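Enquirer: only geometry, no sequence info:
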């Protein structure tokens, strides 16, 4: 059965940083890497501010290397990290890095570096959209869960965009097909809250590269579906 959703865009906002993306332990570890000294008794906000001030004492590229090494040392080789650190003042790596699985991490690194060097690093431009999604039939209601499928979510978002939006241009086949393996790279963070038995409020965070096309949207209908429970509808 074809799904039918009514979607209302409640809020569209740009983010310089993602709340909760970096913990007090992260800031303490970065301060330790910069040999700051004892941080006992510092509040979370004090740790953040001291970390930013300590980064400002470094050359911006050296600061980028240190942040990237902390954030992605488990994935990137040292040579990769150094190369990316030198690119960060010029490039929005959360949009342009070849491995899109790392885009959210790249954004968080870029966000901290921008806080320390706002005249040197690109301005972060993540987007948070809040949607009220109402299932208009039984097939749609099945998809409104606390942990919605990413392929469903991306199709839901895409239905509110014009056909020339980046998401349609790059993933046209996936949006209308039965397999969208990269969907989890498009949607970074999702938070859901039931409104009623047939309606859900969704907060979705991702790069403006993907979500800017929703900015002027107000109300739309969607026939979104998930890879594993439906076939494409043409």
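Expert: Structure received. Note that the coordinates shown come from a computational prediction; the quantities given were computed from them, not determined experimentally. Numbers count the residues shown, from 1 in each chain.
Enquirer: Give me the domain ranges for the chain.
Expert: Per automatic domain parsing, the structural domains of the chain span 5-16+125-222, 24-116.
Enquirer: From one end of the longest one to the other, what's the distance?
Expert: According to Cα to Cα, to the nearest Å, domain 5-16+125-222 extends 5 Å from its N-terminal end residue to its C-terminal end residue.
Enquirer: I'd like the distance from that domain to the chain centre, please.
Expert: 13 Å (Cα atoms, centre = their mean, to the nearest Å).
Enquirer: for the shortest one, same thing?
Expert: The chain centre lies 17 Å from the centre of domain 24-116; the measure is Cα atoms, centre = their mean.
Enquirer: Let me see the contact set for the one residue sitting closest to the centre of the chain.
Expert: For the chain, the residue lying nearest the average C-alpha position, counting by Cα atoms, centre = their mean, turns out to be residue 206 (3.0 Å). Residues in contact with residue 206 (Cβ atoms under 8 Å, 6 or more residues apart in numbering) are 126-127, 186-189. The way it works is simple: take the backbone N, C-alpha and C, and place the C-beta from them, glycine included.
Enquirer: ranges for the strands of this protein?
Expert: Secondary structure of the chain (DSSP state E): strands at 5-15, 126-135, 189-196, 199-207, 219-222.
Enquirer: how close does residue 213 get to residue 89?
Expert: 27 Å (Cβ to Cβ, to the nearest Å).
Enquirer: Settle it for me: which of those two has more neighbours?
Expert: Shown here are residue 213 and residue 89; by other Cβ atoms under 10 Å, residue 213 has more neighbours (20 against 15).
Enquirer: Can you tell me the closest non-neighbouring residue to the more buried one?
Expert: Of all residues beyond its chain neighbours, the one nearest residue 213 is residue 165 (3.7 Å), with distances taken as Cβ to Cβ, 6 or more residues apart in numbering.
Enquirer: How many residues are close by that neighbour?
Expert: 17.
Enquirer: Then residue 151?
Expert: 27.
Enquirer: for it, what are its contacts?
Expert: 180, 183, 226-227.
Enquirer: Next: residue 10.
Expert: 130-132, 201.
Enquirer: for this structure, which spans come out with low pLDDT?
Expert: Within the chain, the segments meeting pLDDT under 70 span 229-234.
Enquirer: Could you pull out the helices in it for me?
Expert: Counting by DSSP state H, the chain has helices at residues 24-33, 44-56, 60-72, 78-87, 93-96, 103-116, 138-141, 150-158, 166-176, 183-186, 208-211.
Enquirer: Need the winner for burial among these.
Expert: helix 150-158 (a mean of 24; mean count of other Cβ atoms under 10 Å).
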